[in-house]
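1. Quick check, what structure comes out for this input:
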Amino acid sequence: MFTRKINYIWLLNLVVLIVTVFFGIEQANRGAEISNLENRFDIISSQKRELTESIFQNGDLSVVENKLSSSDFVKPSKVIYINSIETVASIK
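-> You can find the predicted model right below:
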């Protein structure tokens, strides 16, 4: 009877050890997945930052003016604004 209890204790310890190893491997897998997701998040964040910077750099008026002047567009020397209050067309 005493040896039978010892066998049950050893069997129980073996089951606990197997379950512990299994859960340890599962936790390691989850940690690796989380690390992979964090790395992808960092890459995407840096790409977003670079795209935002390029939008602001390309939207700068001096950059646009330089691009236009290199494309043979000329800045006008005089700008005339016309303000018309008169009726242009009407329905009779």
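
2. what about the strand or helix carrying Gln47, average pLDDT?
-> Per DSSP states H and E: Gln47 is located in helix 2-58. On average, the pLDDT along helix 2-58 is 92.

3. In terms of secondary structure, what does that helix contact?
-> Applying 3 or more C-beta pairs under 8 Å, 6 or more residues apart in numbering; DSSP states H and E, we find helix 2-58 packed against no helix or strand. C-beta here means a position set from N, CA and C on the backbone, and glycine is covered the same way.

4. roughly how far apart are Lys5 and Leu12?
-> Per C-beta to C-beta, to the nearest Å, Lys5 is found 10 Å from Leu12.

5. ok, now Asn36?
-> 37 Å.

6. repeat for Tyr81
-> From Tyr81 across to Leu12, the span is 92 Å (C-beta to C-beta).

7. Of these two, give the one with the bigger neighbour count.
-> With neighbours defined as other C-beta atoms under 10 Å, Tyr81 and Leu12 compare such that Leu12 has more, 10 against 4.

8. Could you look up the SS state of Phe73?
-> Using DSSP: H, G, I helix; E, B strand; the rest coil, the structure places Phe73 in coil.

9. Please renumber the chain so that the first residue is 10 from this point on.
-> That works, and once the first residue is 10, the last one we named lands at Phe82.

10. Burial check on it, number of neighbours?
-> Here the count is done by other C-beta under 10 Å, and Phe82 has 10 residues near it.

11. State the phi and psi torsions of it.
-> Main-chain torsions, Phe82, degrees, to the nearest 10: phi -90, psi 140.

12. Tell me the confidence at it?
-> So, for Phe82, pLDDT stands at 71.

13. Val73 versus that one, what's the distance?
-> Distance of Phe82 to Val73, computed by C-beta to C-beta: 10 Å.

14. what's the answer for Lys14, then?
-> According to C-beta to C-beta, Lys14 and Val73 sit 86 Å apart.

15. Check Asn92 too.
-> Distance, Asn92 to Val73, by C-beta to C-beta: 27 Å.

16. So which of these two has more stuff around it?
-> The neighbour count for Asn92 versus Val73, taken as other C-beta under 10 Å, is higher for Val73 (11 against 4).

17. Thanks a lot, catch you later.
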